[in-house]
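*Asks:* this one's sequence-less:
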Ligand SMILES: Cc1cc2nc3c(=O)[nH]c(=O)nc-3n(C[C@H](O)[C@H](O)[C@H](O)COP(=O)(O)OP(=O)(O)OC[C@H]3O[C@@H](n4cnc5c(N)ncnc54)[C@H](O)[C@@H]3O)c2cc1C
């Protein structure tokens, strides 16, 4: 069996295939050929934020993690082992996470890792394509030939990383929005905030309007795009001061830039919500206007990239298998499931089903009252015309009585109950 792409989805898929006692070759083109966003040759490299989102089961991201945990996801397990403090979120030391994944896969007797670009869809009775949003051109073109559909794309952006000891501790304070001291906060008064917004609007961009705003993914909007939507947009968005009190003034600041720990040792910090398309010198100039970041050393600048995904409702069935080519599974961001945790979930689902295909067993469709099942249902049966990658969310789950606050715990309870039953009936994934 072949898996293409050693990212989040591909690594999880390879592990699940091997877990079913099926031999698997995992192709990864890095470090020989890089993507525009990856920085290393590491497996399962996180391209931007080091956060895998909330751990709380009443959030979609937390619920999906709880489901992954029931299903024995390798990557979730290793993310938890590489965790760094981030309040209720699961943030990881990205280097440690990647090396744990690499150790697990390299050490598995049924997994062979091949560092090579795949330029056309491999032949074979079961193949998982998990080459991600930055799939190399030749492979993307081959996929386009097969699907007969134009591949879609939009633009996505990543935030900068800052060296911790270049942050001014006198001007910043540690606190989480909901208690704890896990974030470094850069408080701003009205004047400093207005100046930052003005400079974000004036700053030079790398891709100057050569894309349409509708091509930007709403969940990862560049900070300068948000700044252009009005003076207060950022203050009600990623720079909202809610839940934070500056210990120096004992007041809530006008706006706050939050920095989240990015590695286990606290040497690197990620600028929360600062994904950007500004040129690197402009990032240095403008972001150093933020109180506490006047001397910031940027270890990675923000970048913006094309993002490739297929028109899934036309192409995939709920098992994430191509309708036109049985045995070809598409996992991760390329399938239109958006975000790190969705990449892991679809990788798991494709790995399990690809192994079943190889073993000539019927494919599985996950129950639609689980978030995993609801996501695969939406991706394979959602709107065809304007299909956009989708983050796992509660709106995909069957409705239940009650308001939003009371409904969510019920939906989460039902999803986990349903997943436990489904998975235990499969012998906890062991009997395929
Ligand atoms: C710039 C950017 C920032 C993002 N930031 C976030 C974020 O902060 N949080 C979040 O939840 N999601 C984010 N995403 C969305 C998405 O969750 C990630 O892209 C995630 O890594 C997707 O996982 P994946 O396994 O599908 O793809 P990837 O993790 O990208 O893995 C695909 C792998 O396939 C390899 N590959 C590509 N083509 C070939 C080929 N032809 N042959 C062999 N190997 C190949 C690549 O080198 C890569 O290692 C971001 C996406 C982009 C593009």
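*Replies:* Received, thanks. Bear in mind the structure is a predicted one, so any value in this text is a computation, not a measurement. Numbering: from 1, shown residues only.
*Asks:* look up phi and psi at residue 205.
*Replies:* Phi and psi for residue 205, reported as degrees, to the nearest 10, are phi -110, psi 160.
*Asks:* who's in contact with the residue lying closest to residue 228 once chain neighbours are set aside?
*Replies:* Residue nearest to residue 228 in three dimensions, not counting chain neighbours: residue 201, with 5.7 Å by Cβ to Cβ, 6 or more residues apart in numbering. Placement of C-beta: from N, CA and C, glycine included. Each residue near residue 201 by Cβ atoms under 8 Å, 6 or more residues apart in numbering is listed here: 224, 227-228.
*Asks:* from memory residue 297 sits against residue 167, does it?
*Replies:* No: counting by Cβ atoms under 8 Å, residue 297 does not reach residue 167; the two are 9.2 Å apart.
*Asks:* now render the contacts of residue 201 as TSV, adding pLDDT and neighbour count.
*Replies:* Shown next, in TSV, are the contacts of residue 201 (pLDDT from 0 to 100; neighbours: other Cβ atoms under 10 Å):
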residue	pLDDT	neighbour count
224	94	26
227	97	22
228	96	13
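*Asks:* around the ligand, pick out the residues from this structure.
*Replies:* Residues of the chain found near the ligand (Cβ under 6 Å from any ligand atom) are 4-10, 27-30, 35, 37-38, 47-49, 117-118, 130-136, 139, 156, 158, 220, 305, 307, 332-334, 339-340, 343.
*Asks:* that older thread, of residue 297 and residue 167, who's got more company?
*Replies:* Ranked by neighbour count (other Cβ atoms under 10 Å), residue 297 and residue 167 place residue 167 first, with 20 against 13.
*Asks:* in a helix, the residue nearest to residue 228, correct?
*Replies:* Yes: applying DSSP: H, G, I helix; E, B strand; the rest coil, one finds residue 201 inside a helix.
*Asks:* ok, it to residue 57 distance?
*Replies:* Remark: distance between residue 201 and residue 57 (Cβ to Cβ, to the nearest Å) = 40 Å.
*Asks:* with residue 258 instead?
*Replies:* Note on residue 258: its distance to residue 57, by Cβ to Cβ, is 24 Å.
*Asks:* ok, the two, which is more surrounded?
*Replies:* residue 258 (24 against 19).
*Asks:* and the more buried one, bridged to which residues?
*Replies:* Beta-bridge partners recorded for residue 258 (DSSP bridges): residue 185.
*Asks:* what sits against it?
*Replies:* Contacts of residue 258 were listed using Cβ under 8 Å, 6+ apart, and they are 183-186, 238, 272-273.
*Asks:* count the residues that sit near the residue in the stretch 101-250 of the chain positioned nearest to the ligand.
*Replies:* Closest approach between the stretch 101-250 of the chain and the ligand, counting by Cβ to the nearest ligand atom: residue 132, at 2.5 Å. Using other Cβ under 10 Å, the number of residues around residue 132 comes to 26.
*Asks:* next: residue 260.
*Replies:* With other Cβ under 10 Å as criterion, residue 260 counts 24.
*Asks:* just the element for it, please.
*Replies:* Assigned by DSSP states H and E, residue 260 falls within strand 255-261.
*Asks:* how far away from the center of its chain is that strand?
*Replies:* Put simply, strand 255-261 sits 19 Å off its chain's centre (Cα atoms, centre = their mean, to the nearest Å).
*Asks:* equivalent analysis for stretch 234-243, please.
*Replies:* Chain-centre distance of stretch 234-243: 22 Å, with Cα atoms, centre = their mean.
*Asks:* okay, how far is it across it, tip to tip?
*Replies:* Taking Cα to Cα, to the nearest Å as the measure, stretch 234-243 stretches 16 Å from start to finish.
*Asks:* over to stretch 364-372?
*Replies:* The straight-line separation of the ends of stretch 364-372 (Cα to Cα) is 12 Å.
*Asks:* can you pull the pLDDT of whichever residue of the chain sits closest to the ligand?
*Replies:* Going by Cβ to the nearest ligand atom, the ligand is nearest to residue 7 of the chain, at 1.7 Å. Residue 7 is assigned 98 on the pLDDT scale.
*Asks:* which elements pack onto whichever strand or helix holds residue 11?
*Replies:* Assigned by DSSP H and E, residue 11 belongs to helix 8-19. Contacting helix 8-19 under the criterion 3 or more Cβ pairs under 8 Å, 6 or more residues apart in numbering; DSSP states H and E are the following elements: strand 2-4, strand 24-27, helix 74-81, helix 94-106, strand 111-114, strand 127-129, helix 340-358.
*Asks:* determine which stretch of these is the most buried.
*Replies:* Mean neighbour count (mean count of other Cβ atoms under 10 Å) peaks for strand 127-129 among the helices and strands packed on helix 8-19, with a mean of 30.
*Asks:* my guess is residue 308 contacts residue 141. True?
*Replies:* No: checked against Cβ under 8 Å, the pair residue 308 and residue 141 is beyond contact range at 10.8 Å.
*Asks:* higher neighbour count, the two?
*Replies:* A direct count of neighbours by other Cβ under 10 Å for residue 308 and residue 141 places residue 308 higher, at 22 against 14.
*Asks:* part of a strand, is that one?
*Replies:* Yes: counting by three-state DSSP, residue 308 is found in a strand.
*Asks:* look up the pLDDT of it for me, please.
*Replies:* What the model reports as pLDDT for residue 308 is 87.
*Asks:* residues touching it, list them.
*Replies:* Contacts of residue 308 by Cβ under 8 Å, 6+ apart are 133-135, 140, 151-153, 334.
*Asks:* these: which two are farthest apart?
*Replies:* Greatest spacing in the contacts of residue 308, by Cβ to Cβ: 134 and 152 (14.2 Å).
*Asks:* the more surrounded of those two?
*Replies:* Using other Cβ under 10 Å as the criterion, residue 134 and residue 152 rank with residue 134 on top: 21 against 17.
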